[in-house]
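In: 3D, please:
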Amino acid sequence: MSMKRSLVLLLFAVLYAAVLPAEEEWTYLGRDEKVKNFHLNAKGKLSYNGQEFEAFALQQGADRIAISPPSTDGKHFVVFSFGDENSQCSLLQLEKHTAVTIPLDLTAMVWNSWAPEGPWFVLGGYSEEETALYSVSITTQQARKISISLHKEGEKTELVTTTLVWTSPGTFELEAAIHCSTKLPQCTSREEERIIRSYKVMVNAESLEVQTQEQSPPQE
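Out: Purely as a prediction, here's the structure:
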(Lines give C-alpha, C1' and ligand atoms only; values in the text may rest on other atoms or scores of the structure.)
Protein backbone atom coordinates (compact mmCIF):
# COMPACT_ATOMS: atom_id res chain seq x y z
CA MET A 1 0.00 0.00 0.00
CA SER A 2 1.40 3.41 -0.95
CA MET A 3 2.12 6.09 1.62
CA LYS A 4 -0.57 8.29 0.04
CA ARG A 5 -3.17 5.58 0.45
CA SER A 6 -2.03 4.93 4.03
CA LEU A 7 -2.55 8.58 4.89
CA VAL A 8 -6.01 8.56 3.30
CA LEU A 9 -7.00 5.50 5.32
CA LEU A 10 -5.64 6.99 8.52
CA LEU A 11 -7.54 10.24 7.93
CA PHE A 12 -10.75 8.30 7.35
CA ALA A 13 -10.13 6.35 10.56
CA VAL A 14 -9.63 9.48 12.62
CA LEU A 15 -12.74 11.12 11.20
CA TYR A 16 -14.80 7.99 11.84
CA ALA A 17 -13.54 7.63 15.41
CA ALA A 18 -14.41 11.26 16.10
CA VAL A 19 -18.14 10.59 15.74
CA LEU A 20 -18.22 7.57 18.05
CA PRO A 21 -19.66 7.87 21.57
CA ALA A 22 -17.09 8.22 24.35
CA GLU A 23 -17.30 4.60 25.50
CA GLU A 24 -16.52 3.45 21.97
CA GLU A 25 -13.42 5.55 21.36
CA TRP A 26 -10.36 4.02 19.75
CA THR A 27 -6.93 4.49 21.29
CA TYR A 28 -4.16 5.85 19.02
CA LEU A 29 -0.47 5.51 19.81
CA GLY A 30 2.75 6.42 18.07
CA ARG A 31 6.12 4.86 18.83
CA ASP A 32 7.40 5.57 22.33
CA GLU A 33 3.98 6.82 23.46
CA LYS A 34 1.67 5.97 26.38
CA VAL A 35 -2.10 6.42 26.20
CA LYS A 36 -4.48 5.17 28.90
CA ASN A 37 -3.09 1.79 30.01
CA PHE A 38 -1.28 1.07 26.72
CA HIS A 39 2.35 1.75 25.91
CA LEU A 40 3.98 1.32 22.50
CA ASN A 41 7.74 1.54 22.94
CA ALA A 42 10.28 2.82 20.42
CA LYS A 43 10.96 -0.73 19.22
CA GLY A 44 7.28 -1.35 18.45
CA LYS A 45 6.51 -3.57 21.42
CA LEU A 46 3.06 -3.09 22.98
CA SER A 47 2.23 -3.47 26.67
CA TYR A 48 -0.83 -3.04 28.89
CA ASN A 49 -0.44 -2.01 32.52
CA GLY A 50 3.27 -2.62 32.17
CA GLN A 51 2.93 -6.20 30.87
CA GLU A 52 4.07 -6.81 27.29
CA PHE A 53 1.95 -8.63 24.72
CA GLU A 54 3.76 -11.68 23.40
CA ALA A 55 4.08 -12.04 19.62
CA PHE A 56 3.23 -8.42 18.89
CA ALA A 57 5.88 -6.32 17.15
CA LEU A 58 5.17 -3.28 15.02
CA GLN A 59 6.88 -3.62 11.66
CA GLN A 60 9.68 -1.17 10.85
CA GLY A 61 7.71 0.73 8.22
CA ALA A 62 4.78 1.47 10.54
CA ASP A 63 4.77 4.34 13.01
CA ARG A 64 1.27 4.36 14.50
CA ILE A 65 -1.39 1.96 15.78
CA ALA A 66 -5.09 2.15 16.58
CA ILE A 67 -6.61 -0.04 19.31
CA SER A 68 -10.32 -0.80 19.24
CA PRO A 69 -12.76 -0.61 22.14
CA PRO A 70 -12.69 -3.90 24.11
CA SER A 71 -14.83 -6.91 23.23
CA THR A 72 -18.13 -7.37 25.03
CA ASP A 73 -16.49 -9.52 27.69
CA GLY A 74 -13.58 -7.09 28.02
CA LYS A 75 -10.98 -9.73 27.16
CA HIS A 76 -9.94 -8.80 23.61
CA PHE A 77 -8.90 -5.80 21.51
CA VAL A 78 -8.32 -5.37 17.78
CA VAL A 79 -5.16 -3.49 16.74
CA PHE A 80 -4.43 -1.92 13.35
CA SER A 81 -1.06 -0.54 12.34
CA PHE A 82 -0.47 2.28 9.87
CA GLY A 83 2.57 2.90 7.74
CA ASP A 84 3.86 1.10 4.70
CA GLU A 85 2.37 -1.63 2.54
CA ASN A 86 2.91 -4.18 5.31
CA SER A 87 0.18 -2.74 7.52
CA GLN A 88 -1.31 -5.39 9.74
CA CYS A 89 -4.26 -6.35 11.93
CA SER A 90 -3.83 -8.16 15.26
CA LEU A 91 -6.12 -9.61 17.92
CA LEU A 92 -5.00 -9.00 21.52
CA GLN A 93 -5.90 -11.42 24.31
CA LEU A 94 -5.84 -9.38 27.50
CA GLU A 95 -5.74 -12.11 30.17
CA LYS A 96 -2.85 -14.00 28.56
CA HIS A 97 -1.18 -10.88 27.12
CA THR A 98 -0.76 -12.53 23.74
CA ALA A 99 -1.32 -11.26 20.19
CA VAL A 100 -2.27 -13.04 16.97
CA THR A 101 -1.89 -11.51 13.50
CA ILE A 102 -5.11 -11.69 11.44
CA PRO A 103 -4.32 -12.12 7.71
CA LEU A 104 -6.65 -10.12 5.43
CA ASP A 105 -7.07 -9.94 1.65
CA LEU A 106 -7.74 -6.22 1.87
CA THR A 107 -6.09 -3.68 4.10
CA ALA A 108 -8.56 -3.27 6.94
CA MET A 109 -9.80 0.05 8.21
CA VAL A 110 -10.25 1.09 11.81
CA TRP A 111 -13.73 -0.32 12.19
CA ASN A 112 -15.04 -3.40 13.94
CA SER A 113 -18.13 -4.69 15.70
CA TRP A 114 -18.10 -7.23 18.51
CA ALA A 115 -20.92 -9.75 18.77
CA PRO A 116 -22.87 -9.18 22.01
CA GLU A 117 -22.48 -12.91 22.70
CA GLY A 118 -20.50 -15.66 21.02
CA PRO A 119 -16.94 -15.71 19.67
CA TRP A 120 -17.36 -13.40 16.68
CA PHE A 121 -16.49 -9.96 15.48
CA VAL A 122 -16.75 -8.20 12.13
CA LEU A 123 -14.04 -6.13 10.44
CA GLY A 124 -14.71 -3.52 7.80
CA GLY A 125 -12.20 -3.15 4.98
CA TYR A 126 -12.05 -0.27 2.55
CA SER A 127 -10.22 0.57 -0.65
CA GLU A 128 -10.83 2.81 -3.62
CA GLU A 129 -12.47 -0.12 -5.39
CA GLU A 130 -14.70 -1.72 -2.75
CA THR A 131 -16.04 -2.03 0.76
CA ALA A 132 -15.52 -5.46 2.29
CA LEU A 133 -16.57 -7.29 5.44
CA TYR A 134 -14.73 -10.05 7.28
CA SER A 135 -16.16 -12.40 9.87
CA VAL A 136 -13.52 -13.29 12.47
CA SER A 137 -13.69 -16.08 15.03
CA ILE A 138 -12.04 -15.27 18.35
CA THR A 139 -11.67 -19.02 18.91
CA THR A 140 -9.79 -19.82 15.69
CA GLN A 141 -8.37 -16.31 15.01
CA GLN A 142 -9.34 -16.78 11.35
CA ALA A 143 -10.84 -14.04 9.16
CA ARG A 144 -13.20 -15.01 6.35
CA LYS A 145 -14.38 -12.56 3.74
CA ILE A 146 -18.16 -12.26 3.42
CA SER A 147 -19.28 -12.37 -0.20
CA ILE A 148 -21.93 -9.73 -0.89
CA SER A 149 -22.75 -9.13 -4.55
CA LEU A 150 -25.52 -6.65 -5.21
CA HIS A 151 -24.39 -4.39 -8.04
CA LYS A 152 -24.64 -4.80 -11.78
CA GLU A 153 -22.13 -3.77 -14.41
CA GLY A 154 -21.43 -0.06 -14.13
CA GLU A 155 -22.45 0.06 -10.47
CA LYS A 156 -20.67 -0.32 -7.14
CA THR A 157 -21.80 -1.46 -3.69
CA GLU A 158 -21.29 0.61 -0.55
CA LEU A 159 -21.70 -1.34 2.69
CA VAL A 160 -22.81 1.16 5.34
CA THR A 161 -20.91 -0.31 8.29
CA THR A 162 -22.19 2.31 10.74
CA THR A 163 -25.68 0.78 10.43
CA LEU A 164 -24.56 -2.70 11.51
CA VAL A 165 -26.54 -4.24 14.38
CA TRP A 166 -26.41 -7.75 15.85
CA THR A 167 -29.81 -9.45 15.79
CA SER A 168 -28.63 -12.61 17.60
CA PRO A 169 -25.31 -13.92 19.00
CA GLY A 170 -24.20 -15.04 15.53
CA THR A 171 -26.12 -12.92 13.03
CA PHE A 172 -26.12 -9.26 12.09
CA GLU A 173 -27.63 -6.95 9.54
CA LEU A 174 -26.62 -3.69 7.90
CA GLU A 175 -27.61 -1.44 5.01
CA ALA A 176 -26.07 -1.42 1.55
CA ALA A 177 -26.32 1.33 -1.06
CA ILE A 178 -25.79 0.94 -4.80
CA HIS A 179 -24.17 3.82 -6.69
CA CYS A 180 -23.02 4.27 -10.26
CA SER A 181 -19.32 3.75 -10.83
CA THR A 182 -17.08 6.59 -11.95
CA LYS A 183 -15.36 4.05 -14.20
CA LEU A 184 -18.19 4.83 -16.60
CA PRO A 185 -17.81 8.12 -18.50
CA GLN A 186 -21.48 8.99 -17.96
CA CYS A 187 -21.15 8.68 -14.19
CA THR A 188 -20.09 12.07 -12.87
CA SER A 189 -19.01 12.67 -9.27
CA ARG A 190 -22.46 14.10 -8.58
CA GLU A 191 -24.16 11.05 -10.02
CA GLU A 192 -21.90 8.81 -7.92
CA GLU A 193 -23.37 10.34 -4.75
CA ARG A 194 -26.90 9.38 -5.77
CA ILE A 195 -28.21 6.05 -4.45
CA ILE A 196 -29.67 3.91 -7.22
CA ARG A 197 -30.94 1.13 -4.93
CA SER A 198 -30.63 0.20 -1.28
CA TYR A 199 -30.78 -3.13 0.57
CA LYS A 200 -30.97 -4.62 4.02
CA VAL A 201 -28.26 -7.29 4.24
CA MET A 202 -28.50 -10.10 6.80
CA VAL A 203 -25.41 -12.22 7.52
CA ASN A 204 -24.70 -15.32 9.60
CA ALA A 205 -21.21 -14.76 11.04
CA GLU A 206 -20.50 -18.49 11.33
CA SER A 207 -21.86 -19.92 8.06
CA LEU A 208 -21.35 -16.67 6.06
CA GLU A 209 -24.85 -17.14 4.62
CA VAL A 210 -26.10 -13.83 3.20
CA GLN A 211 -29.71 -12.79 2.68
CA THR A 212 -30.74 -9.49 1.12
CA GLN A 213 -33.95 -7.51 1.01
CA GLU A 214 -34.35 -4.58 -1.35
CA GLN A 215 -35.62 -1.45 0.35
CA SER A 216 -37.95 1.23 -0.95
CA PRO A 217 -36.27 3.55 -3.46
CA PRO A 218 -34.56 6.49 -1.72
CA GLN A 219 -36.36 9.80 -1.86
CA GLU A 220 -34.93 12.34 -4.30
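In: Let's verify the residue of the chain most remote from its centre: helix, strand, or coil?
Out: Note on the chain: the largest separation between a C-alpha and the mean C-alpha position, by CA atoms, centre = their mean, falls on Gln186 (31.6 Å). The assignment at Gln186 comes out as coil when based on DSSP: H, G, I helix; E, B strand; the rest coil.
In: residues in contact with it?
Out: Contact analysis of Gln186 by CB atoms under 8 Å, 6 or more residues apart in numbering lists Cys180. Placement of C-beta: from N, CA and C, glycine included.
In: Just the element for Phe80, please.
Out: strand 76-82 (DSSP states H and E).
In: now that strand: mean pLDDT?
Out: Strand 76-82 comes out with an average pLDDT of 91.
In: Please name every helix or strand in contact with that strand.
Out: The helices and strands touching strand 76-82, judged by 3 or more CB pairs under 8 Å, 6 or more residues apart in numbering; DSSP states H and E, are helix 3-18, strand 64-67, strand 89-93, strand 108-114, strand 120-126.
In: ok, it: who's next to it in the sheet?
Out: strand 64-67 (antiparallel), strand 89-93 (antiparallel) (DSSP bridges).
In: okay if I get these as CSV plus mean pLDDT?
Out: Listed next are the strands paired with strand 76-82 as CSV, based on pLDDT from 0 to 100:
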stretch, mean pLDDT
strand 64-67, 93
strand 89-93, 94
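In: Mean neighbour count added to the ones you listed, as TSV?
Out: As requested, the strands paired with strand 76-82 are exported to TSV (neighbours: other CB atoms under 10 Å):
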stretch	mean neighbour count
strand 64-67	22
strand 89-93	22
